[in-house]
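Chemist: can't give you the sequence, but here's the structure:
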């Protein structure tokens, strides 16, 4: 599977230590199989740094079969609970890789309404299910990162 990381520089040797902490799936190296999504991530960086680069990786799922992986195939109650725990720095799971929908700005506004008590969990899930998730992968451990092989990058 080909995965992309959008940023301001090429990342040929990804690590999980430079990640922000209170993000969707916790600390880790984030990639997506959706080139356009990586482009959006790069454009955000470009506004701050002046450069935008998409790094490309091959993910060998067979080499990851011994890793602990959580996959959310849709926006669900489990996905919402996990996102809220991670964004509140209360994740205590030991997943090596987490995959699921991106909490982009539109989705995050819905989550914020839930967190702030303006929507019930049921209302939040119903609204989220109307959105088509853009998949992202978070490689949270060194063992997980070993399943990625850098292919190259391009400036956009």
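Modeler: The structure has been received and is ready for your questions. Keep in mind that what you see is a predicted model, and the values were worked out from it rather than measured.
Chemist: the spatially most central residue of the chain in helix, strand or coil?
Modeler: The chain has residue 136 as the residue nearest its centroid, 4.1 Å off, counting by Cα atoms, centre = their mean. The three-state label given to residue 136 by DSSP: H, G, I helix; E, B strand; the rest coil is strand.
Chemist: okay, and the beta partners of it?
Modeler: residue 100 (DSSP bridges).
Chemist: look up how far residue 107 lies from residue 130.
Modeler: 10 Å (Cβ to Cβ, to the nearest Å). C-betas here are computed from N, CA, C, even on glycine.
Chemist: the more surrounded of the two?
Modeler: residue 107 (21 against 8; other Cβ atoms under 10 Å).
Chemist: Validate this expectation: residue 118 resides in a helix.
Modeler: No. Read with three-state DSSP, residue 118 is coil and lies in no helix.
Chemist: pLDDT wise, what is it at?
Modeler: For residue 118, the pLDDT comes out at 93.
Chemist: secondary structure element for residue 112, which one?
Modeler: Assigned by DSSP states H and E, residue 112 falls within helix 105-115.
Chemist: and the closest residue to residue 9 other than its chain neighbours, what is it in contact with?
Modeler: With sequence-adjacent residues excluded and distances taken as Cβ to Cβ, 6 or more residues apart in numbering, residue 9 is closest to residue 53, at 5.7 Å. By Cβ atoms under 8 Å, 6 or more residues apart in numbering, the contact set of residue 53 is 6-10, 42, 153-156.
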